[in-house]
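Enquirer: Give the three-dimensional model of this entry:
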Amino acid sequence: MASPPAPGKLLSILGLGFGLAGAVGGTIGAGLLRTPGLVAAQLGSPNLVIAAWVVGGLYALLGAICVAELGASLPLAGGWYVYAHRAFGNELGFVVGWIDWLGHCVGLAWVAITIGEYGAALVPDLGLGPKAIALAGLLLFSLIQLLGVRAGSGSQQLLSLAKAVAFLALVAACFLWNGNHSVESPAVLAPAANLSDWSNSDWSGLAIASVLALQAVITTYDGWASPIYFAEEFSEPASDLPRSLLGGVLAVIVIYLLVNLALLHVLPLEQLANSKLPVGDAATVIFGSIGGELITGVALISLLGLVNTAIMAAPRILFGMARDGLFPAFGTLVNTGGTPTFALLFTSLAAIALVLSGSFERLLGMASILYVAIYMTGIAAQVMLRQREPELPRPFRAWGYPVSAVFVFGLSLAFLIGAAFSDPLNSLIALALVAIGALGYLIARRFQLVPA
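Expert: Okay, the predicted model is just below:
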């Protein structure tokens, strides 16, 4: 049995099982429940819908290949912050850490709100509104994390297994469906959606529709990098971290493609585009009203895995920053179970504030922009460290470098430019939040609260 961590010290007890569960469980959830309909409404073509998910998967896979090199070389708690800090110094390191932590809090609130909406619809007799359920979920998983990394790891693996089995079972049911409806369902009776009419306009319409669709897809793929936040807690990070990243992304790509193909097999494109919960609607078509309820219940279990991952990972960012003097020293406080306690409390309070103030659409738009900006800093750090520190031990070297790095960086940049034009309000809000973080660092440095 591992000994309790010293003050400011994490436990190195995690392995490949947790890494795969973190990558898969930290990705699949709310996005897969909602975004197939959003993508279908934007693109209006089954082939383009599948193409969007393939492009998003390729982006995630190449990103994982690049980041696996960084994670194996610098196995420290903190995720993307660690790489930016090593490559670019305190100022940019702080800003990246702030963006990443904020993105986690936004994503955490977004998933909690979704849990609240589905939970209130599934069990209306509870008498609780969506926000009350969302807050209860955040509190529950905060308490689990306080028990320590073993409790967090165990719950992550259990929830990831449950969600993978649930979605694969739905895929099998969809492809075995014979086309006969057991009962008239909301998915069948719903009015047709207003599909994007880009096909009747010029190529600029297709470009805008593609950007909006990829915004949803890329956000849905986000989470594959979850294992890097726990790099310091892997017992064998040089081998298990790359395997966790690549294996997790490949598993997610397969599940996402199968789910979308299954949904297109059961739901007409117009109905898919009109659906707020395509997975539940497909189950209702196949099994009747009870099918929708069952799938919604299982989907709620899968969403809990996202909350578990985010509420585990975000405190590690603050822990890494505090250890380097870029966050108050009490951010390094770790309990006997291996949990950064103050960092967990700070994260939970921020997520609660976002739940009380934000809508799903606003949170989604902000989060997608923040996530992609983070990917770009990671790729830039990889290139910088290759140039500046060629002697740095690299147990795993990115395949296809520098082509893989250029592709991920270029697609990220194109996405950000497109988002700035197609979604200027959320882009400005995200930029303002980044600026607040940078201003906070400058003020703290002015009063010598952080190193220059």
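Enquirer: Please determine how far residue 301 is located from residue 153.
Expert: 17 Å (Cβ to Cβ, to the nearest Å). Placement of C-beta: from N, CA and C, glycine included.
Enquirer: Between these two, point out the one with more neighbours.
Expert: Counting neighbours by other Cβ atoms under 10 Å for residue 301 and for residue 153 shows that residue 153 has the greater number, 23 against 15.
Enquirer: What strand or helix carries residue 417?
Expert: Following DSSP states H and E, one finds residue 417 within helix 403-422.
Enquirer: Following element in sequence after that helix, please.
Expert: As assigned by DSSP H and E, the chain's next helix or strand after helix 403-422 is helix 424-446.
Enquirer: where exactly do the strands run in the stretch 51-200 of the chain?
Expert: Counting by DSSP state E, counting those that start in this stretch, the stretch 51-200 of the chain forms no strands at all.
Enquirer: low-scoring stretches of it, by residue?
Expert: 179-200 (pLDDT under 70).
Enquirer: ok, 50 please
Expert: Under the criterion pLDDT under 50, the flagged ranges of the stretch 51-200 of the chain are 181-194, 200.
Enquirer: the helices in it, which residues?
Expert: Ranges of helices in the stretch 51-200 of the chain, per DSSP state H, counting those that start in this stretch, are 80-88, 90-122, 130-147, 149-176, 186-189.
Enquirer: Quick one: distance of stretch 167-176 to the chain centre.
Expert: From the chain centre to the centre of stretch 167-176 is a distance of 24 Å (Cα atoms, centre = their mean, to the nearest Å).
Enquirer: for stretch 372-386, same thing?
Expert: 18 Å.
Enquirer: what does it rub up against?
Expert: Contact with stretch 372-386 is made by 63, 66-67, 69-70, 73, 80, 83-84, 86-88, 92, 96, 99-100, 103, 218, 392, 398, 401-402, 405, 408-409, 412-413, 415-416, 419, 430, 434, as judged by Cβ atoms under 8 Å, 6 or more residues apart in numbering.
Enquirer: From these, keep the buried residues only.
Expert: Listed as buried from these are 63, 66-67, 69-70, 73, 80, 83-84, 86-88, 92, 96, 99-100, 103, 218, 398, 405, 408-409, 412, 415-416, 419, 430, 434; burial here means 16 or more other Cβ atoms under 10 Å.
Enquirer: picking that back up, quick one: contacts of the helix holding residue 417?
Expert: Here helix 403-422 makes contact (Cβ under 8 Å, 6+ apart) with 59, 62-63, 65-66, 207-208, 211-212, 214-215, 218, 368-369, 372-373, 375-376, 379-380, 382-383, 398, 426-427.
Enquirer: try 7 Å
Expert: With contacts defined as Cβ atoms under 7 Å, 6 or more residues apart in numbering, helix 403-422 is touched by 59, 62-63, 65-66, 208, 211-212, 214-215, 218, 369, 372-373, 375-376, 379, 382-383, 398, 427.
Enquirer: Stretch 36-48 too?
Expert: Stretch 36-48 has contacts (Cβ under 7 Å, 6+ apart) with 49, 52, 193, 195-196, 199, 209, 212-213, 216-217, 260, 263-264, 269, 272-276, 278.
Enquirer: so of these, which ones are in helices?
Expert: 49, 52, 209, 212-213, 216-217, 260, 263-264, 269, 272-274, 278 (DSSP state H).
Enquirer: Looking at the residues you listed, which one is closest to residue 125?
Expert: Distance to residue 125, by Cβ to Cβ, is smallest for residue 278 among the ones in helices among the contacts of stretch 36-48, at 25.8 Å.
Enquirer: wait, isn't that closest one in contact with residue 271?
Expert: No: using Cβ atoms under 7 Å, residue 278 makes no contact with residue 271, being 8.5 Å away.
Enquirer: So for these two, which residue has more residues nearby?
Expert: When residue 278 and residue 271 are compared for neighbours, residue 278 comes out ahead with 28 against 24, by other Cβ under 10 Å.
Enquirer: So for that one, what's the pLDDT?
Expert: pLDDT recorded at residue 278 is 84.
Enquirer: can you map out the strands along the stretch 201-350 of the chain?
Expert: Using DSSP E, counting those that start in this stretch, strands in the stretch 201-350 of the chain do not occur.
Enquirer: pLDDT below threshold where in it?
Expert: For the stretch 201-350 of the chain, not a single residue meets the criterion pLDDT under 50.
Enquirer: need the helices for it, in chain order.
Expert: Using DSSP H, counting those that start in this stretch, the helices of the stretch 201-350 of the chain run over 203-221, 237-266, 269-274, 278-287, 289-323, 341-357.
Enquirer: could I get those as a markdown table with distance to residue 129?
Expert: Below are these laid out as a markdown table (distance: least, Cβ to Cβ, whole Å):
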| stretch | distance to residue 129 |
| --- | --- |
| helix 203-221 | 25 |
| helix 237-266 | 29 |
| helix 269-274 | 25 |
| helix 278-287 | 20 |
| helix 289-323 | 16 |
| helix 341-357 | 11 |
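Enquirer: nearest to residue 107, of those helices?
Expert: Ranking these by distance to residue 107, with Cβ to Cβ as the measure, places helix 289-323 first at 5.7 Å.
Enquirer: Which strands or helices does that closest one pack on?
Expert: The contact analysis (3 or more Cβ pairs under 7 Å, 6 or more residues apart in numbering; DSSP states H and E) places helix 289-323 against helix 16-25, helix 30-43, helix 80-88, helix 90-122, helix 130-147, helix 149-176, helix 278-287, helix 341-357.
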